[in-house]
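[1] Sequence and predicted structure below; questions after.
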Amino acid sequence: MARRAEQVGGPPGRVLGGAVALGLAALILGTLGAVAWRAAWGAQADGAGGPLLGPADWAALRFTLVQAGASALISVALAVPVARALARRRFPGRRALIALMGAPFILPVIVAVLGLLSVFGRGGIVNAALAALGLPAFSIYGLQGVLIGNVFFNLPLATRLILQGWQAIPAERFRLAAALDFSSAEVAKQIEWPMLREVAPGAALAIFLICLTSFPIALTLGGGPRSTTLELAIYQAFRFDFDLGRAAVLAALQFAVSGVAALIALRLALPQASAAGLDRAVERWDARSPLLRTLDTATIALAALFLILPLAVILAQGLPTLTHLPGIVWTSALTSLCVALGSAVIAAGAALALALAITGSRRPRLFEGAGMLPLAASPLVLGTGLFLIVNPWIDPAALALPVTALVNALLALPFGLRALVPALREIEAAHGRLADALSLTGFARLRLLILPRLRGPMGFTLGLSAALSMGDLGVITLFAAPGEGTLPLQLYRLMGAYRMNEAAGAALLLLVLSFGLFWLFDRGGRADADA
Amino acid sequence: MKLPILAAGLLAMMLGTAAQADEKPTLTVYTYDSFASKWGPGPAVKTAFEKTCGCTLNFVTAGDGAALLSRLKLEGKRTRADVVIGLDTALTADAEKTGLFAKHGDLPALDLPVKWTDPTFVPFDWGWFAFVYDKAKVKEVPKSFEDLAKSKLKIVIEDPRSSTPGLGLLLWVQKAYGDKAPEIWKELADNIVTVTPGWSEAYNMFLKGEADMVLSYTTSPAYHMVEEKDDGKAAADFTEGNYAEVEVAGRIAGSKHPKLADEFMHFITTEAFQKEIPTTNWMYPVIKLSKPLPKGFDMYKPEKTLLYPAAEVPKVKDKALAAWRDALSK
Amino acid sequence: MLTLENLHLEQDGWALDADLTVSKGTKTALIGPSGAGKSSLLNAIAGFLPPARGRILWQGHDLGPLPPGARPVSILFQDNNLFPHLTAEQNVGLGLRPSLRLTAEERARVAEALERTGLASLSERKPAQLSGGQQSRVALARALLRARPLLLLDEPFAALGPALRAEMLDLVARITEETGATLLMVSHDPGDARRIADTTIVVAEGTAHPPAPTTDLFADPPPALAAYLGEA
C-alpha cells in the first residue's frame, strides 16, 4: 500500500526510522569493522599467521546450528499450544502467568542455570522423584540439557510473541467463524494458521539468533567442549589466543549464518491480509468441548510448572538472605534501575521509530533487516568494538553505564519490533483511512491514534528492555565498572567471594526488580484496555 | 516524565566519575573485578596506600586476569594504567611481549613455593589449584589424576578458554603428565559432569551437590572454616604435585606518574598490603606476615609444587588445549 | 459542482467509468448492484483510490493532488468510523483539530454538535459503550462540525434497523441543509434514496450514469435499475 507511505510514518517518522536503522547498522557493523581493522593493524605488529579457521571452528559452527535450530523449533512448537490455550481460556491467575512469562528471559544465565539444576540436576527434584520410584536417573548434561536450558529461557518469549499474534486477531473474525459454525479445526485452518504463518517464523528466528550468540548455557549444560558454540570460539579467540583477526572472522561467520536464517524466516513468513474490527473481549465459540478444555488445562499446567519450579527454587534460596544484604548491593541495585530505565526509553523510542518506518515504507525488508541486526551481533565483538572506537577519545570507564543502557536497548529492540510491527499494521488497517480522512498526520497521529492503540506492545517493549538491561553483565565488564557497579556485577562478585548464600539473595533481588520492572510496564500497557 | 530525571542521573554518574580527579595526582591501577570489589583486598589496599602517598588511588576493573590482559592489548601504548595488578604466571609471557611493562626494583625476601626470577612482574599472592570436596560425601579421596580417573567420583571443572582455574588445570595435567596428558584427559572424561565458563558456576554447582569435587584452590576449605565455621570441606593433595598460580603486578613503562607507580609497586610486598590478602583473596601472601595465617591455611600444603616457567606457557598451551578438547569432545 | 471528468477506475480486473456532474447542495443517492463500484467511486472522490484516468473536480478545482484529509470531503465508512480508544467527545473533536488541542470556543462547538445529535449525556463514553445508532450519531456530529462541502456516506447505517436508519437519514438531511453540503450516499435500499435524495446515480455494468431526479427515475426505471430492483 504505497498510500501509507505518505501518511503513516510521514516524513518525521521515516526520517527517524531511517536514522535508527542507519545507527544500528553503523554501530553493529562498525564495531565488527573496528575489531577487524585493529586485527589487521595488529597482525603487522605481531606477525600472526596460520589458517584462520580450523576443524574445531567448523565443529563449533555445526554444534551452534544444531542447538540453535533445535531450540528455536522446539520453543516455537511448544509455544503454539501454550499460547493457544492462553488465548482461548480465562482462569484466575491467567494475567499473572502471562506476566511471569517474562521472567526466565530476563534472568542472568547463571541464576537460571542454577535454578534449572535444582529441578533437573543430579541432586534435583526430578531425579529425587525418579529415585523414589526406582527409575534410572536422568542426566541433564548433554544436548538435552542445552535444549532444556534454551527452551526454559525462550519458550516464554515465544509464547508471549505468539500470544500477541493471537490477540491481534480481531474478535469479529471469531464471531464470523462462530456464525459460520466453524469447528476448532476450521478456526485453526482459516484464522489461526494464517496468523501463525506471519508470527511464528519471526519468533523462531529471534530464538535461533539468541541461541546462536550465547554460550554459557550451552557450555554449562552441554557437559563439555563438544558443546562449543561460535560465541565461545570468539571468546577463546579474544582471551585465550588474543587473535582479533580470528575473532572478527568468526563474528562475520556468525553474521552470515544469521543472515541466511533471517532470509529463510522472512521467506516462510506470509503477511496476512488484515481486516478491521473494534476490540471487544475475544470470545471463542469453537473451543467449548470438554476434550479441548482438558487439553488446554494440561498444557497450561505443564508449561507453568516447567517455568515456575526453577523460579520457586530461586525464591526459596534467596529469601533467607534477601533482607540482610550488604548496603552496596542495594546501591548497585539503584544504579541498575537507572540503567534499566534509560535502556527502556532508548529501546522503545528506537523500536517505535523503526516500526513506523517498516509499516510506512515501500521497502520494509530493509528496515526489518536493520532491526534484526542486533540479534546477529556477537555481544563480545560489539562490546570490544565499542571499546576500540571510544577509547582514543574518552575514558571508557566514564561511559560504562550509558553504554550498558545503549547496548541493552539494542539487544531488546528486535523483540520490541516483533511486538510493535504487527500491532501497527493492524492499527493502520483498521483506522488508517479514517485518520487520513481527518488529516490526522504527523505527531498528532502518533499521539492520538498510534500511541494509545499501541499501549500494550509499547508496554511490553519498555518492560522487556528494562528487564533485559537489569540482568545484563556483558558490556560493563569490558568497560570497567565505576564505583558500586551494577546489581548483576555485584552478584558475580558475591559468588566470586564464596558468598553463595548472599549471592542467592542478590539473585532474588535481581529477579524481583527485573520482573517488577517488566510487570509494571507490561501491566501499565494493558491496564484500562478499551473494552 | 522520567526522561529528564534519568538523563540527569546518568549525567551525574558520569560527572561523579570525572569529579574524582581533584588536586591530588591520581594513580590508575588496572585490576580484575573481584580484587576491587567490596569483598576483595581493593578497598583496604586503597585506604592504606592513600594514607601515605598523598594521592588518589583509582581502580579500573576488567572481568579477570585474561580480560585484563586483553584490555591492555586493545589499548596498547594509549593505556591509562599506571600499574596493572592481577595477571598471573599463565599470562606473564604474553604480557611481557606487549612491551608495555617496566622492570621492577628490588624485592624483599619472598615466601613463594618457587624461586622468583622474573625481572618485570612482582608477585602479590599465590595458591595451589586443588580439587575440593565434602568430607562427609567423599570417603576415598583420590591421590592423583589416575586415581580420580579410575574412581566413580563426579567432578566439575572450568573451561580453560574462559577461566583462570580452567587454564591452570590444563597446565597442571600437561606439566604432570607431558605426552601422557591426552590419555589422562580421556580417562577423566567420564568423571567430568560438565565444564563451566568460570569458577563461580563450578563452585556453586559443587555446593549444590551437582558434583563430588570441584576444581578450586587448596585455600577454599579455609574460607568455609573462617567465615562459615564449617570444617566439612577439604582439598585433595595429589602425589604428582599441585599446580601453583602466582598472581603478579607490573608497572606500565609509559606511566605519567612513575614515582607514584614505583611507590605502589613497593607497597605491594609490604605487610600493610599483604596482611589483607588471606581473608579477602583467599590466597597466600608472598611474604612472611608478623601474625600467623588464619585457621585452615596450613592444612593442605602439597609436597610438590608444579609450575611452568612463564616463557614456556605459550609454547604448551595450544597443544594442551587441542588435546583437552579432543579428549572431552568424544 | 462536483465534476467527474472521463473518470476511469480500475482495481484487480474490475473497472468503472464515470463522466458526470453533481450540482452543489443536492442530495444524491448511488444505487446499483453489489460490486458495481459504488464504494470505490466514493473512495476515489475521498482520495483513497487514485483514478487510472480522468479527473475529479470540485468547483472547477482538480482534487487529484490533494491527500484525503485536505479534500473538501467528509466520509463515513461502513464501519470503523470511530477510534475505539477515544471518547465520543474526542472523536467529534477530531473533526475540528486532529491534534485535539481545542480552545474553549472549539470545545463549546463540540458540545453543541453533540447536543444537536442528541449525545450530550454520552460525551464521555467510548464507542464500545455506545449502541450502533449512537455510534452513527457521533460520526455524524463530527461531519456536522467539519462542515465540509461534500458529505460522502458509504452505507454507514447499513447495520441499523429501518426505523433507526430513517432517523439517521433525517438527521443527515438536516445536517446537509444546515451546512449547505452536497451529499453523495451509497444505498442498497430504494427507500433510502426516495426518502432524502433529490437525484440518483445508477451504478451498473461498469458505468456510473449521470444523476437523474429520484422520483422520475423510480417512476420509469432504466433497464439497469430495473434489473437491480428485480422488476425486469
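    Received the coordinates, thanks.

[2] Can you give me the pLDDT of the closest residue to A:Gly222 other than its chain neighbours?
    Leaving aside its chain neighbours, A:Gly222 sits nearest to A:Val146 (4.8 Å; criterion: C-beta to C-beta, 6 or more residues apart in numbering or on different chains). For glycine as for every other residue, the C-beta is placed from the backbone atoms N, C-alpha and C. In the predicted model, A:Val146 carries a pLDDT score of 92.

[3] Tell me, how many residues neighbour A:Val146?
    A:Val146 has 27 neighbouring residues, counting by other C-beta atoms under 10 Å in any protein chain shown.

[4] mind listing what's buried in the helix or strand where it lies?
    A:Val146 is part of helix A:143-168 when elements are defined by DSSP states H and E. In terms of neighbour count (16 or more other C-beta atoms under 10 Å in any protein chain shown), helix A:143-168 has its buried residues at A:143, A:145-168.

[5] swap in stretch A:393-402?
    So for stretch A:393-402, counting by 16+ other C-beta under 10 Å, buried means A:Asp395, A:Pro396, A:Ala397, A:Ala398, A:Leu399, A:Ala400, A:Leu401, A:Pro402.

[6] Could I get the full set of strands for chain C?
    Secondary structure of chain C (DSSP state E): strands located at C:2-11, C:14-22, C:27-31, C:53-58, C:61-62, C:73-76, C:150-154, C:182-187, C:199-204, C:207-208, C:212-213.

[7] same check, this time on chain B
    Shown for chain B, the strands assigned by DSSP E span residues B:26-32, B:56-62, B:83-88, B:101-102, B:122-134, B:155-158, B:192-196, B:213-217, B:233-236, B:242-252, B:284-285, B:305-306.

[8] Smallest gap between chain C and chain B, at which residue?
    C:Arg101 (18.3 Å; C-beta to the nearest C-beta).

[9] ok, so what distance separates that residue from C:Pro67?
    Using C-beta to C-beta, to the nearest Å, we find C:Arg101 at a distance of 21 Å from C:Pro67.

[10] can you pull the pLDDT of residue 262?
    Went with chain A since none was named. Turning to A:Ala262, the model gives it a pLDDT of 79.

[11] I was after chain B.
    95.

[12] Ok, A:Gly277 next?
    38.

[13] neighbour count winner among C:Arg101 and C:Pro67?
    The residue with more neighbours, out of C:Arg101 and C:Pro67, is C:Pro67; 15 against 11, by other C-beta under 10 Å.

[14] Okay, angle between the host helix or strand of A:Glu502 and helix A:143-168 too, please.
    Applying DSSP H and E as the criterion places A:Glu502 in helix A:500-526. On the basis of axes from the mean of the first three to the mean of the last three C-alpha atoms, to 10 degrees, helix A:500-526 is oriented at 20 degrees to helix A:143-168.

[15] what about the stretch 201-350 of chain A, any weak spots by pLDDT?
    Low-confidence segments of the stretch 201-350 of chain A (pLDDT under 70): A:269-288.

[16] please redo it, this time with the cut-off set to 90
    For the stretch 201-350 of chain A, the stretches with pLDDT under 90 are A:201-203, A:205-220, A:222-296, A:307-308, A:311, A:314, A:321-328.

[17] can you give me the mean pLDDT across stretch B:105-114?
    When pLDDT is averaged over stretch B:105-114, the result is 92.

[18] residues near the nearest residue to A:Leu424 once chain neighbours are set aside, how many?
    Excluding the flanking residues, the one nearest A:Leu424 by C-beta to C-beta, 6+ apart is A:Thr359, at 4.7 Å. A:Thr359 has 28 neighbours, counted by other C-beta under 10 Å.

[19] how does the chain divide up, domain by domain?
    Answering for chain A, as no chain was given. A:9-42+A:323-531, A:52-315 (automatic domain parsing).

[20] nope, chain C please
    What automatic domain parsing lists as the domains of chain C is C:2-72+C:148-229, C:83-147.

[21] Could you dump these into JSON lines and include mean pLDDT and distance to B:Asp125?
    Below are the domains of chain C laid out as JSON lines (pLDDT from 0 to 100; distance: least, C-beta to C-beta, whole Å):
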{"stretch": "domain C:2-72+C:148-229", "mean pLDDT": "90", "distance to B:Asp125": "74"}
{"stretch": "domain C:83-147", "mean pLDDT": "88", "distance to B:Asp125": "64"}
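
[22] Switch those domains over to TSV; also include distance to chain A.
    Shown next, in TSV, are the domains of chain C (distance: least, C-beta to the nearest C-beta, whole Å):
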stretch	distance to chain A
domain C:2-72+C:148-229	3
domain C:83-147	4
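
[23] CA-only coordinates of stretch C:71-88 in CSV, if you can.
    This file holds the C-alpha atoms of stretch C:71-88, laid out as CSV (Å, rounded to 0.1, in the frame of the first residue of the first chain):
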residue,chain,number,x,y,z
ARG,C,71,-10.1,17.4,0.3
PRO,C,72,-13.3,19.2,0.8
VAL,C,73,-14.8,16.0,1.9
SER,C,74,-16.2,14.2,4.9
ILE,C,75,-16.7,10.5,4.5
LEU,C,76,-18.5,7.9,6.7
PHE,C,77,-17.4,4.3,6.1
GLN,C,78,-19.5,1.2,6.6
ASP,C,79,-17.7,0.7,9.9
ASN,C,80,-14.6,1.9,11.9
ASN,C,81,-15.8,5.5,11.8
LEU,C,82,-14.7,6.0,15.4
PHE,C,83,-11.5,5.4,17.2
PRO,C,84,-12.3,2.8,19.9
HIS,C,85,-9.9,4.3,22.5
LEU,C,86,-11.3,7.8,22.3
THR,C,87,-14.4,9.1,23.9
ALA,C,88,-17.4,10.3,21.9
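
[24] Nothing else from me, thank you.
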